[in-house]
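S.K.: when you get a sec, could you give me coordinates for this:
(one chain, ligands or ions: 2)
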Amino acid sequence: MYGNDYETPDAQRARQLEDTPESFRELLATEGRVEPRDEMPDAYRRTLVRQIAQHAHSEIIGMQPEGNWISRAPSLRRKAILMAKVQDEAGHGLYLYAAAETLGVDRADLLDALHSGRQKYSSIFNYPTLTWADVGAIGWLVDGAAIVNQVPLCRCSYGPYARAMVRVCKEESFHQRQGFEILHTLSHGSPAQKAMAQDAVDRYWFPALMMFGPPDDNSPNSARSMAWGIKRHSNDDLRQRFVDMTVPQAQALDLTLPDPEIRWNEDRGHHDFAEIDFTELFEVIKGNGPCNQQRMEHKVRAHEEGAWVREAAAAFAAKQAAGEGAA
Ligand SMILES: [Fe+2]
Ligand SMILES: [Fe+2]
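M.R.: Ligands and ions are numbered 1, 2, ... in the order given. Okay, the predicted model is just below:
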């Protein structure tokens, strides 16, 4: 919007698409799906590669904070569930790298970009998991925020990304419930267990709210992504949706959200909540979060130590292909 002139959403959308070829605009206007074989503007392709790669990296790095608790989960049942959850996240990363590859990039290059710091992953995974309750808070709040972010991506204009999200979202809702169940058990346990659950929620609440990105007036690429049908709702709308969904769940858990300003606003039909201090988010993005260095070191080491597995798999595939050719 320029000056005080009000620009309607349609006008804003048209302005964002000014330099987009006519055929592509028509495809978007009819809510058609863009498939890998379709011609697409370079900027659309680049935006998707960046977003899908960052999403894939987040799934893979996101295995670390919880993977850290597999050996220390309090029972065999909890271990089995957590192992399955962390394994799901690896699967999400793999679908997403495959979706990115349909845009003509190589997975090895995306991994290089992550390892050298040219591409990012979600800042939420730069926070430590100090107690078992953190595993519950991550499932409930972090996977919960991921669902709110990802459900609209099932309708994203790029087919392979949208289809990957359908499956991912089904698994995420299981993750969210397992987190809720861990916290429910703790908050109905001993006073010490309840305090541990509350402490985890206190530490993860604001970082989870920041997962939706900066406020709309400070989110430079949002309007374009919305015009392209990649993004369906603004950061602030999604954040509001998450708060509205989470407040009654916190009551069911008998835990408090660490924001005294949360209250139902009858006029808006939404919960009000405190203004978020985004300085912390920008610091974590810059690399100054509590675990940035540890996460990257671990990732690079795992990648190097896994080189022989990739080589063996490639050699096996080549042998299979040669065998089939001879038959
Ligand atoms: Fe995931
Ligand atoms: Fe998840």
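
S.K.: only C-alpha atoms for contact and neighbour calcs from this point on.
M.R.: Fine.

S.K.: list, one by one, the residues from the stretch 151-300 of the chain near ligand 2.
M.R.: Proximity of the stretch 151-300 of the chain to ligand 2, by Cα under 5 Å from the ion, involves residues residue 172.

S.K.: what helix or strand is whichever residue of the stretch 151-300 of the chain sits closest to ligand 2 on?
M.R.: Closest contact between the stretch 151-300 of the chain and ligand 2, by Cα to the ion, is at residue 172 (4.6 Å). In the assignment (DSSP states H and E), residue 172 maps to helix 159-187.

S.K.: what mean pLDDT does that helix have?
M.R.: Averaged across helix 159-187, the pLDDT comes to 96.

S.K.: other SSEs contacting that helix?
M.R.: Helix 159-187 is packed against helix 76-101, helix 132-137, helix 143-150, helix 191-210, helix 235-253, with contacts defined by 3 or more Cα pairs under 8 Å, 6 or more residues apart in numbering; DSSP states H and E.

S.K.: return the residues of the stretch 1-150 of the chain in contact with ligand 2.
M.R.: residue 143.

S.K.: so where is the stretch 201-327 of the chain shaky, pLDDT-wise?
M.R.: Scanning the stretch 201-327 of the chain for pLDDT under 70 picks out the ranges 325-327.

S.K.: quick one: the strands in it?
M.R.: When secondary structure is read from DSSP state E, counting those that start in this stretch, the stretch 201-327 of the chain shows strands at 263-265, 270-272.

S.K.: just put these in CSV and tack on mean neighbour count.
M.R.: Shown next, in CSV, are the strands of the stretch 201-327 of the chain (neighbours: other Cα atoms under 10 Å):
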stretch, mean neighbour count
strand 263-265, 13
strand 270-272, 16
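
S.K.: between the ones you listed, which one is closest to residue 156.
M.R.: Nearest to residue 156 among the strands of the stretch 201-327 of the chain is strand 270-272; the distance by Cα to Cα comes to 25.7 Å.

S.K.: what's the burial count for the closest residue to residue 283 other than its chain neighbours?
M.R.: Nearest non-adjacent residue to residue 283, counting by Cα to Cα, 6 or more residues apart in numbering: residue 289, 6.6 Å away. Residue 289: 19 surrounding residues under other Cα atoms under 10 Å.

S.K.: check residue 205 too.
M.R.: Counted with other Cα under 10 Å, residues neighbouring residue 205 total 18.

S.K.: distance check, it against residue 199.
M.R.: 10 Å (Cα to Cα, to the nearest Å).

S.K.: re the thing from before, could I get the helices and strands packed on helix 159-187 in JSON lines, plus columns for distance to residue 270?
M.R.: Formatted as JSON lines, the helices and strands packed on helix 159-187 follow (distance: least, Cα to Cα, whole Å):
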{"stretch": "helix 76-101", "distance to residue 270": "32"}
{"stretch": "helix 132-137", "distance to residue 270": "23"}
{"stretch": "helix 143-150", "distance to residue 270": "16"}
{"stretch": "helix 191-210", "distance to residue 270": "16"}
{"stretch": "helix 235-253", "distance to residue 270": "6"}
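
S.K.: tell me which of those helices is the most buried.
M.R.: Most buried of the helices and strands packed on helix 159-187, by mean neighbour count (mean count of other Cα atoms under 10 Å): helix 132-137, with a mean of 26.

S.K.: which helices and strands does it pack with?
M.R.: Contact partners of helix 132-137 among helices and strands, from 3+ Cα pairs under 8 Å, 6+ apart: helix 159-187, helix 191-210.

S.K.: now that helix: average pLDDT?
M.R.: Average pLDDT, helix 132-137: 98.

S.K.: what number of residues lie near the residue of the stretch 151-300 of the chain closest to ligand 2?
M.R.: 25.
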